[in-house]
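> turn this into a model:
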Amino acid sequence: MIVGGRLADPAAPSYRWWVLGVTSVGALMASLTGGTLIIALPDILRDLHTDIFSLLWIVVGYTLVATVLVLNAGRLADMAGRARSYTLGFVIFTGASILCAVAPNAGMLILWRLAQGVGGALLMANATALVTDAFPRSELGRALGINAMVIGAGAILGPILGGWLTGFGWRMVFWFNVPIGLVGAVAAGLILVEQAHPDHRLEIDWLGSLLYFVGLMGLMMALAFGGVYGWTTWWVVGGFIAFLVALPLFLRVELRHHAPLLDLSLFRDRLFAMGNLTGFLNAIARNSVLFLLVFYFQGARGEDPVTAGIMLAPLAIGLIVLSPISGALADRYGSRALATAGMVITGLGLLGLTTIDVVTPYWQLAFWQLVVGAGSGIFNSPNTSAVMGVVPPSKRGVGAGMRMMLMQSGFMVSIALAIGLVTSSMDPKVMVAIFSGEQIGGKGISLDPFMNALHLAFLAGVVASALGAVVSLMRGEHRSFEEALPALEGEAAR
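Purely as a prediction, here's the structure:
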């Protein structure tokens, strides 16, 4: 029913499900984009005659911009309205996808991927906040679980779809985003209603944004390219120094700024702080798995893109099955035990992946991928529900932005660390040949260094999972903002 020019009545109980549908379109587009692009990377590497340096920027350039801007996007949403900001995110992302599809070279593709990151920041900063605004606390876990299930479906379909689309050329990976983005923009414009009062007094913290960008980029570049150019190369060392200098300066600025990029007062709540730290560690643990297995299947094992995509499906099956279940259980029983179990199970799956080699039977690969996916499914919804549930309604844009910032930072550290470990263990030329699919199997070379590097990257994920499980146990009991309010007021009074 059309009410006031909109397709849904914001006063009706059904409105929250309309919100969930619109935000799920954005989640589906984002998860499909990640999977389809990663499976197309070998073709991009060959077709554009580029190198690992450019390849890394094609992958993480988007994530870097989205991560740096997601907090400002959340603040912008709190200032101008979450519904408007979310709709704008669809428009920018779709326009940038068209430009990526027609990019003539790697440099232009990287540039338009950075533009995609602006749209991605607006989508990521607002999706969770919109759902949290719309749903009562007793149903939030289930709603976020459904959202995560959609992400899982996209993660399953992404590599398979990417393999099929790559058969028509890698540019189809970007063209495919366009109709989804148009549907999302129209739906968001016609359905979403502002449910929180915008605060026009808020400001953008430009200095904090710059320091955060410098520090994060320095760390990412140093981790990723230390193995290729040498860990003692001046700009690699400079990247580590930039991070070590920028981080404390960033925190100092945030503590003194009257409108900080990072609202450190939210971290006074232990559940918010520990939940976000656990999410960061979970992202480090699992986000390089898909990236590494794509090149394992297409390079080391010599599978075609479609087959490789199908072989990666178990990684997301556990996520799609268990996310809504764990979300509903979190609403009833709390988040701490579920989130902790998810971290432990993820670690066990990664530990299993440290045993694979080039001739490992596929059923073993599928089993360990399924375990990693199951751990993610058990972890994500309860952890997100717990973190967002204690954020004041007026700060949910910033709170969602902070959560996504830490998750995306973990993603970049994960990918950069994985590339750094692989390039440290083998000849970069051989690595490029494997990554591009030009080196099929072990003919003429030893793949032992590549497999050893994969094992080391997965082992790093095991360590991150173990740390995450410990941190998760320290989060305290599951509760809502209304229950946390007296504690926060007591802290402020002190």
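
> show me the shaky parts of the stretch 101-250 of the chain.
For the stretch 101-250 of the chain, residues meeting the criterion pLDDT under 70 lie at 137, 141, 145, 148, 151-152, 155-156, 195-203, 227-228.

> hey, where'd the helices end up in it?
Assigned by DSSP state H, counting those that start in this stretch, the stretch 101-250 of the chain shows helices spanning 106-134, 137-166, 172-175, 177-191, 206-229, 234-256.

> got CSV for those helices, with distance to residue 268 and mean neighbour count too?
The C-beta positions use only the backbone N, C-alpha and C, and glycine is treated the same way. Output for these, formatted as CSV (distance: least, CB to CB, whole Å; neighbours: other CB atoms under 10 Å):
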stretch, distance to residue 268, mean neighbour count
helix 106-134, 19, 24
helix 137-166, 20, 23
helix 172-175, 43, 22
helix 177-191, 33, 19
helix 206-229, 19, 21
helix 234-256, 13, 16
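
> identify the residues contacting residue 90.
By CB atoms under 8 Å, 6 or more residues apart in numbering, the contact set of residue 90 is 26, 119, 123, 181, 184, 185, 188.

> brain fart, residue 97
Neighbouring residues of residue 97 by CB under 8 Å, 6+ apart: 116, 174, 175, 177, 178, 181.

> so the first one touches residue 98, yeah?
No. With contacts defined as CB atoms under 8 Å, residue 116 does not count as touching residue 98, sitting 10.4 Å away.

> give me the common contacts of these two.
With contacts taken as CB under 8 Å, 6+ apart, residue 116 and residue 98 have no neighbour in common.

> with respect to residue 414, which of the helices of the stretch 101-250 of the chain lies nearest?
Nearest of these to residue 414, taken as CB to CB: helix 206-229 at 9.7 Å.

> which secondary structure elements does that closest one sit against?
Counting contacts by 3 or more CB pairs under 8 Å, 6 or more residues apart in numbering; DSSP states H and E, helix 206-229 is packed against helix 52-80, helix 234-256, helix 396-425.

> what is the mean pLDDT for the longest one?
Per-residue pLDDT values over helix 396-425 give a mean of 77.

> helices and strands around it, which ones?
Applying 3+ CB pairs under 8 Å, 6+ apart, one finds that helix 396-425 contacts helix 52-80, helix 82-101, helix 106-134, helix 206-229, helix 270-295, helix 362-389, helix 448-473.

> now with 10 Å, please.
For helix 396-425, the packing partners by 3 or more CB pairs under 10 Å, 6 or more residues apart in numbering; DSSP states H and E come out as helix 52-80, helix 82-101, helix 106-134, helix 206-229, helix 270-295, helix 362-389, helix 428-436, helix 448-473.

> could I get those helices as TSV with distance to residue 310?
As requested, the helices and strands packed on helix 396-425 are exported to TSV (distance: least, CB to CB, whole Å):
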stretch	distance to residue 310
helix 52-80	22
helix 82-101	25
helix 106-134	26
helix 206-229	29
helix 270-295	12
helix 362-389	10
helix 428-436	20
helix 448-473	20
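
> hmm, residue 206 is touching residue 71, no?
No. With contact defined as CB atoms under 10 Å, residue 206 does not count as touching residue 71 (11.9 Å).

> mutual contacts of those two, please.
Shared contacts of residue 206 and residue 71, defined by CB atoms under 10 Å, 6 or more residues apart in numbering, are found at residue 261.

> helix or strand for residue 319, which one?
Assessed by DSSP states H and E, residue 319 sits inside helix 314-333.

> may I see the buried residues of that helix?
314-331 (16 or more other CB atoms under 10 Å).

> cool, and stretch 288-304?
By neighbour count with 16+ other CB under 10 Å, stretch 288-304 contains the buried residues 288-303.

> what about that stretch, start to end distance?
Counting by CA to CA, to the nearest Å, you get 20 Å between the two ends of stretch 288-304.

> what mean pLDDT does it get?
On average, stretch 288-304 scores 79.

> again, but for stretch 261-281
Averaged across stretch 261-281, pLDDT comes to 85.

> do you know how far the residue most central in space within the chain is from residue 457?
Central residue of the chain (CA atoms, centre = their mean): residue 408, 4.8 Å from the mean position. According to CB to CB, to the nearest Å, residue 408 stands 19 Å off from residue 457.

> contacts only, for residue 343.
The neighbours of residue 343, taking CB under 10 Å, 6+ apart as the test, are 278, 281-282, 285-286, 375-376, 378-379, 383, 464-473.

> ok, now residue 462?
So residue 462 contacts 285, 346, 347, 348, 349, 350, 351, 352, 353, 354 (CB under 10 Å, 6+ apart).

> mind doing that once more with 8 Å?
Counting by CB under 8 Å, 6+ apart, residue 462 has contacts 285, 347, 350, 351, 354.

> ok so the second one is a helix residue?
Translated: residue 347. Yes. Judged by DSSP: H, G, I helix; E, B strand; the rest coil, residue 347 forms part of a helix.
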